[in-house]
Every structure is written in structure tokens, then in C-alpha cells.
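Undergrad: quick one, structure for this:
(2 chains)
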Protein chains: 2
Amino acid sequence: MEAVRNLQVILKDYVNGFPKESYMLLKTSIIPLKLPQDSNGVLVKNLYLSCDPYLCLLMSKGQVGYLESFTPGSPITGFGVAKVVDSGHSNFKKGDLVWGLTGWEEYTIITTPQTLFKIQDTDVPLSYYTGILGMPGMTAYYGFYEICAPKKGEYVFVSSASGAVGQLVGQFAKLTGCYVVGTAGTNEKVELLKNKFGYDEAFNYKEEQDLDAALKRYFPEGIDIYFENVGGKMLEAVLLNMRVNGRISACGMISQYNLNQEEGVRNLSSIIMKRLHMKGFIVSDHFNLLPKYMEMVIPLIKEGKICYIEDIVEGLESAPAALVGLFSGKNVGKQVVLVARE
Amino acid sequence: MEAVRNLQVILKDYVNGFPKESYMLLKTSIIPLKLPQDSNGVLVKNLYLSCDPYLCLLMSKGQVGYLESFTPGSPITGFGVAKVVDSGHSNFKKGDLVWGLTGWEEYTIITTPQTLFKIQDTDVPLSYYTGILGMPGMTAYYGFYEICAPKKGEYVFVSSASGAVGQLVGQFAKLTGCYVVGTAGTNEKVELLKNKFGYDEAFNYKEEQDLDAALKRYFPEGIDIYFENVGGKMLEAVLLNMRVNGRISACGMISQYNLNQEEGVRNLSSIIMKRLHMKGFIVSDHFNLLPKYMEMVIPLIKEGKICYIEDIVEGLESAPAALVGLFSGKNVGKQVVLVARE
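TA: Residues are numbered from 1 along each chain as shown, chains lettered A, B, ... in the order given. Predicted structure coming up:
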């Protein structure tokens, strides 16, 4: 039986606090390219891995919502695109392209193939299945359309606006006929927001002394919809500027992850006074909507009505730095690791 | 034309910070007991006035949500029960009993009679129309049933649990077959919760060093529904103890009103991790459900299946102290001011 080298990104131990590359190590093991006889799992060759902030939450001991922490000594697991090498499951056969939960390594035996989706459309870059056509895309779709129920002419604010999710929310908002403002942490990203993604306005939050004043400048009438990706002081300022019956879709609070103690957020009484609706969600609960979303978004991509920017690094060796870089905003667009070409 | 003395509770000036009696003064004016010829308003004699925390928010300059601040030099306005003395409006006639927005004074000319509801059922204490049959009752009903959509067997936590709204939420939760725990600020109130309102458990939050530990004691499985009346540190501890898909109905944050700056609330990332739904509301938006609520609650009262505790002080002179007393929890049950007997 053929056996090959399997480079892996391993979590060393449970950690707390701001993520560091040193929390992970690279290890080489050997893996046979065939499943055991009685396996009903799927053996895949990983092609692309998705760097997502939530992964760093799972490096701490305990549970995060319903997600279990990673196991020290084992590879990190996350979303990725892969090719089936061997299958013990009737839904998949050798050569199939799939996306879903896989390991941060070259080859993975996936024992829960129900978390895999078969890739039907290969007319688009395969890496898109870690982004616009994968978990971040569904996050933008569910959070914006289903939770916020946007109407034409409404005022929309997006934080982390050029990120994996934010760049899509901004474009969905424009397609819906909303006025949309985004914020990001570099002037390069602010330019992207305005020139590439079609945001009506954009600003660099690091250059604002007073976030409340900045929001009042861009939203003199207030904000109907806030797509929350960061938490903390930004949320505090947004609450002051929400309009009556506003909606907040909470899909991430990257500024608060891995702090030993979260920052306190003031102005929550706005939730009552302005009758706000705030809803957190975990997108994997809503993957049943995937076919509906694909039907909408694939034509938009092919007609050039929506674009998607990726920041692709090559090689598993680069994965730890790429993941940690999310927390300082190093990435421009969706952060992806290219593990292997088909 | 007969004219009478009209004792009034006047807001002296715009104020900030913790409410004080000295912010209000008593003033006597004279009022004719007849409306001007062409008025389409309603002249009422006030019988009961409702003391509600939100009134103190309206003593500051500016707007609170869609509510306008009070006008310095004029009487405070709030919910009350009154008898029609003269009417220029076809929906009301002399002798009718009504509840709705009126003035903190003996007689009021109500120029917006669309904010009045005619009292149909007088088999119950009239003061109930400031409480269980009025705004607080609708608050408990809408917040618990409509926002939280409770299911039998769910775990419910209520803060300010013996107050105007909380005592009803606890009883509604028991009628629904939930497990319900309440918290209040005196041992006397804790006894009421357990012995009068049927809470499964209750505790005095002032005697707890660690609110998170207290909640873990009473909710080892976590909280499905939190009826939020206080905000601040209690909300922070509750967020740590919510279950996946939990619901938070935010109808008040008394601990935060009239602070110059709100306390920061940590643990908001639980909203995402646990997929929480948090919804603020202003009950007057939902008064269309009043007939449905009356149909449910009046039989419960008459059959003794629900009870309501009021703290009634006599005389408008006592109104400022009664209102301010809410903020130190002096009241036991719904705080009402008896202005005049029919």
C-alpha cells in the first residue's frame, strides 16, 4: 500500500490570550493512501485551507458554544477544499472535489463525511469554496438577508468590511439598494472598499479619535443595519447611532477573541430604547440554505456583478502565520492557504 | 363654570444622574371643570398614577428612543387610571373610566385621547390598570410570550422578579410549565417570589459575591430565557450562563438608568457562540394585542390563578418619593400612587 509524507499543523497545548505562531508546530507523519477495509470515512488530499478567527478560540480548553476545543498534539481542524483519494462512504468517490471540515495537514481521514459538501461547479476558482462559495459566503448571506431583512434605501454599516465576510455584505447591500459604509484598519483596505466593492463611503477606524463622531459623520440619519464582525468599542459606538427598529447581525467579535477578559460594552440600553433586534448565529446551523445561496451567487460571480478578493499564501508551512495575521489585519481579503494544487 | 384646585407634580428643570425627590416640586393651580367649547380632548380626574423607572429617563434633556423629554415647569406625564369629567371626543363620555397617558396632577386635559383605553371590566381593582391590566402587564405578556416563545420545561430567569413586570413573568412561566428562578434585592421579596408568585427558586442578589456562581447554582443546565429588567453586571453574568439558542427579552435596564455613563457589559461574544436572540421593545408599540391579553389574563385573575402585588401610596404629595424609591427597590410589588378615590 502506498504511503506518503503528511505534513501537519499541530496545536502544541491549550493556550489563552492573543494567538501566536508558537502555539502551533509543524510535524511530519506518514499516512497510507488507502482507508482501512471497514472504514466508512473519506480520505482526502487537502488543496486549500481557510483561515478563520474562530479557530483561535478553539485553542483554549473547554467548549465554545457547541464547538469542542482542538486536541493538543493533533492537527487543527477547519474548513477547506479537498480532493477525495479514497472513500468508504457511498456519497463520495475517488476524484470528487469537496469542501467542509478537514484537517490542517496534507491528507486527512474524515470520519464524519456528513460535514462535507460535494463541489458541483468548477467554473470558478476552487479556493472560492473556502470563501464566497463556502462558510464566509453563507455567513454573509444568512446574516444579511435572513437576520437583517434589508430593505432598499436602508443605512447599512459593516465592520471588518474588506474581510472574508464583510466584502460580501457590502456588495449584497449595494445589490439590495442600500446605502452602505464600511470600516477597515488600513488606508489600502479603505480604498478597496470604495473602488472595488462599491461601498458608498469607507473609513479607517484606526485614524478616528472618536468612533461615535465618525459614525455620526457617515450616518447623520443613523444606522438601520449593523453587520457585527468586531465587538468592543465599535459596537459601543454603533449602539449610540442605531435607528429605531434597527437590526444587528452578530457573526463575529474579533476584537474580543483571546482577550483574557472581554472589554465591557456600554450603551446596551439602546437595545431597549431603540427596540433593536440583535441576533447571534453560527452559520453551520443554516447550511440547508446552501443550494438557495448558490443559485443566487454563482450567476452573480459569472456575470461579474460581484467580486471576491483573496489573500492566498502557499504551503502549510505558512499557515500558522496566516492565521495569526488575521488578528492584526495583515490579510487583505479572505485569507486562504494553498496546500496543494489538484 | 366650576373651577377647582389642581395639585401638580412639576419637573423643575432638566436633570442628570440618580433621581432625587428635589427634582420635582408640588404646585397648585386652578382648573375649570369644563373643556373649552371647541376642544376635542378629554378632561379627566386622575385616580391612580403608575410609578415607572422610565419616567426618570425623561427628566433629562433630549430624546429617549422615540419618547420626548418632559418639559420643565410642566407636570410629569405617565400612565394612570382616570375618570372622564368632560369630553370633546366621541369615543369618551362623562363618567367613563379610562387608562393611558395622563398628567401627574389631580385633573388633566388630555389632548391626544388616542392614547386612552376605556376600562370595560370593573370587577377587578381599578389600580390594576396601572399594573397587571395595563402597561406592565402587557410588557410581561409581550416580552415573555411573543419575544421569548417559551416552551414547557425551559429554564427561565427573571431579574427585578417581584416588580411590576417580573412578578407576572414568573407566574406566566409557571403557567407555561417552565422552571423559573427570580432575583430581588431584599429577603422579604425573595420570600414573596417563592411563597406568593410560585418561583421554583429565588435569591437576593445583594447577598451574592459572585453572580456567575449564583446562577450556576440555580441553573446547572443553563438559562433558556432571560427576562431582562436590570442590565449591567447581572446581564454580564447571565450571558455566561445562557444556553444555546437562548432568548433575552430586554424591557428595562434599571441599574443603568441615570448613570452618567453606563457600565460596560462583558461577555457579549456569548451572543454569537450561543446563537442568542436579544430583542428590545417598547410595549406601547404592541398595544394592539391588548384585547388578546385581556382575554387571557382577566379569567386567570378571577379564578385566582394569578395574583398581583401592589405598593400603593396615598396622595400626590407622596408621588415624588414613590418614584425615586423604585431606584433603591423600596417598593414591594407594583408602585402606584392613589390620587383620588372615584
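
Undergrad: contact residues of the stretch 151-300 of chain A facing chain B?
TA: Within the stretch 151-300 of chain A, the positions near chain B by Cβ under 8 Å from any Cβ of the partner chain are A:231, A:235-236, A:244, A:250-253, A:256-257, A:261-282, A:285. Using the backbone N, CA and C atoms, a C-beta is placed for each residue, glycine as well.

Undergrad: can you flag which of the residues you listed belong to helices?
TA: A:235-236, A:269-273 (DSSP state H).

Undergrad: export the residues you listed to TSV and tack on neighbour count and pLDDT?
TA: Compiled in TSV, these are given as follows (neighbours: other Cβ atoms under 10 Å in any protein chain shown; pLDDT from 0 to 100):
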residue	neighbour count	pLDDT
A:235	25	94
A:236	22	94
A:269	24	87
A:270	21	90
A:271	24	91
A:272	23	88
A:273	22	86
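
Undergrad: end to end on stretch A:272-282, go ahead and measure it.
TA: End-to-end distance for stretch A:272-282: 24 Å, by Cα to Cα, to the nearest Å.

Undergrad: not counting its neighbours along the chain, what's nearest the residue of the stretch 201-342 of chain A found nearest chain B?
TA: Closest contact between the stretch 201-342 of chain A and chain B, by Cβ to the nearest Cβ, is at residue A:264 (1.8 Å). Among residues not flanking residue A:264 along the chain, residue B:264 sits closest, at 1.8 Å (Cβ to Cβ, 6 or more residues apart in numbering or on different chains).

Undergrad: what does residue A:129 give?
TA: Among residues not flanking residue A:129 along the chain, residue A:99 sits closest, at 3.9 Å (Cβ to Cβ, 6+ apart).

Undergrad: ramachandran coordinates for that neighbour?
TA: Backbone torsions for residue A:99, taken as degrees, to the nearest 10, come to phi -130, psi 160.

Undergrad: check the gap between it and chain B for me.
TA: 22 Å (Cβ to the nearest Cβ, to the nearest Å).

Undergrad: the residue of the stretch 201-342 of chain A closest to chain B - how many residues pack around it?
TA: 18 (other Cβ atoms under 10 Å in any protein chain shown).

Undergrad: also residue A:4?
TA: Neighbourhood size, residue A:4 [other Cβ under 10 Å]: 12.

Undergrad: quick one: mean pLDDT for the helix or strand it falls within?
TA: Per DSSP states H and E, residue A:4 falls inside strand A:3-11. What strand A:3-11 shows for mean pLDDT is 97.

Undergrad: which positions within it qualify as buried?
TA: A:6-11 (16 or more other Cβ atoms under 10 Å in any protein chain shown).

Undergrad: can I get the residues you listed in CSV with distance to chain B?
TA: Shown next, in CSV, are the buried residues of strand A:3-11 (distance: Cβ to the nearest Cβ, whole Å):
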residue, distance to chain B
A:6, 32
A:7, 31
A:8, 27
A:9, 24
A:10, 25
A:11, 19
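
Undergrad: put together CSV for the residues you listed, with distance to residue B:340 on each row.
TA: Output for those, formatted as CSV (distance: Cβ to Cβ, whole Å):
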residue, distance to residue B:340
A:6, 85
A:7, 85
A:8, 81
A:9, 77
A:10, 78
A:11, 72
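
Undergrad: which one of those is nearest to residue A:169?
TA: Of all the buried residues of strand A:3-11, residue A:169 sits closest to residue A:9, with 29.3 Å by Cβ to Cβ.

Undergrad: surely the closest one meets residue A:21?
TA: No - applying Cβ atoms under 8 Å as the test, residue A:9 and residue A:21 come out as separate, 10.3 Å apart.

Undergrad: identify the contacts common to the two.
TA: Here residue A:9 and residue A:21 have residue A:320 as joint contacts, going by Cβ atoms under 8 Å, 6 or more residues apart in numbering or on different chains.

Undergrad: lowest confidence element among the helices and strands of chain A?
TA: strand A:63-64 (a mean of 68; mean pLDDT, DSSP states H and E).

Undergrad: which residues touch the residue nearest to residue A:129?
TA: A:79-82, A:116-117, A:119, A:129-130, A:133-134.

Undergrad: isn't residue A:148 up against residue A:227?
TA: Yes - Residue A:148 is within contact range of residue A:227, at 7.3 Å (criterion: Cβ under 8 Å).

Undergrad: compare the two (neighbour count), which wins?
TA: residue A:227 (31 against 26).

Undergrad: sorry, back to before: ok, the contacts of residue A:99 vs chain B, which is closest?
TA: Among those, residue A:79 lies closest to chain B (Cβ to the nearest Cβ), at 17.0 Å.

Undergrad: and the most centrally placed residue in chain A, which of the three is it?
TA: The structure's chain A has its C-alpha centroid closest to residue A:136; by Cα atoms, centre = their mean the separation is 4.2 Å. Under DSSP: H, G, I helix; E, B strand; the rest coil, residue A:136 falls in the helix class.

Undergrad: pretty sure it contacts residue A:168?
TA: Yes - contact criterion Cβ under 8 Å: residue A:136 and residue A:168 qualify, at 7.1 Å.

Undergrad: buried only: go through the residues of the stretch 151-300 of chain A next to chain B for me.
TA: Buried, going by 16+ other Cβ under 10 Å: A:231, A:235-236, A:250-253, A:256-257, A:262-282, out of these.

Undergrad: distance of the residue nearest to the centre of chain A from chain B?
TA: 15 Å.

Undergrad: list the contacts of that residue.
TA: Contacts of residue A:136 by Cβ under 8 Å, 6+ apart are A:50, A:52, A:130, A:164-165, A:168, A:334.

Undergrad: what about the helices in chain A?
TA: Using DSSP H, helices in chain A cover A:54-57, A:135-141, A:166-176, A:187-195, A:211-218, A:232-241, A:269-273, A:290-302, A:319-325.

Undergrad: residue A:293: which of the contacts of residue A:136 is nearest?
TA: Using Cβ to Cβ, residue A:168 is the member of the contacts of residue A:136 that sits closest to residue A:293, with 10.6 Å.

Undergrad: neighbours of the closest one, how many?
TA: For residue A:168, the count of nearby residues is 28 (other Cβ under 10 Å).

Undergrad: list the contacts of it.
TA: By Cβ under 8 Å, 6+ apart, the residues touching residue A:168 are A:132, A:136-137, A:140-141, A:306, A:308.

Undergrad: one more time with 10 Å
TA: Residues near residue A:168 by Cβ atoms under 10 Å, 6 or more residues apart in numbering or on different chains: A:131-132, A:136-141, A:143-144, A:158, A:197, A:227, A:297, A:306-308, A:334.

Undergrad: please apply the same query to residue A:70.
TA: For residue A:70, the contact set (Cβ under 10 Å, 6+ apart) comprises A:10-11, A:14, A:24, A:55, A:57-61, A:76-78, A:104.

Undergrad: closest to residue A:205 among these?
TA: Closest to residue A:205 out of the contacts of residue A:70 is residue A:57 (22.4 Å), distances taken as Cβ to Cβ.

Undergrad: which stretches of the stretch 51-200 of chain A form strands?
TA: Using DSSP state E, counting those that start in this stretch, the strands of the stretch 51-200 of chain A run over A:63-64, A:67-68, A:77-87, A:97-103, A:107-110, A:116-118, A:155-158, A:179-184.

Undergrad: what about residue A:300, distance to residue A:168?
TA: As judged by Cβ to Cβ, to the nearest Å, residue A:300 and residue A:168 stand 10 Å apart.

Undergrad: and for those two, which residues touch both?
TA: Here residue A:300 and residue A:168 share the contacting residues A:132, A:306-307, scored by Cβ under 10 Å, 6+ apart.

Undergrad: tabulate those (TSV), appending distance to chain B and pLDDT.
TA: Shown next, in TSV, are those (distance: Cβ to the nearest Cβ, whole Å; pLDDT from 0 to 100):
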residue	distance to chain B	pLDDT
A:132	21	98
A:306	25	97
A:307	27	97
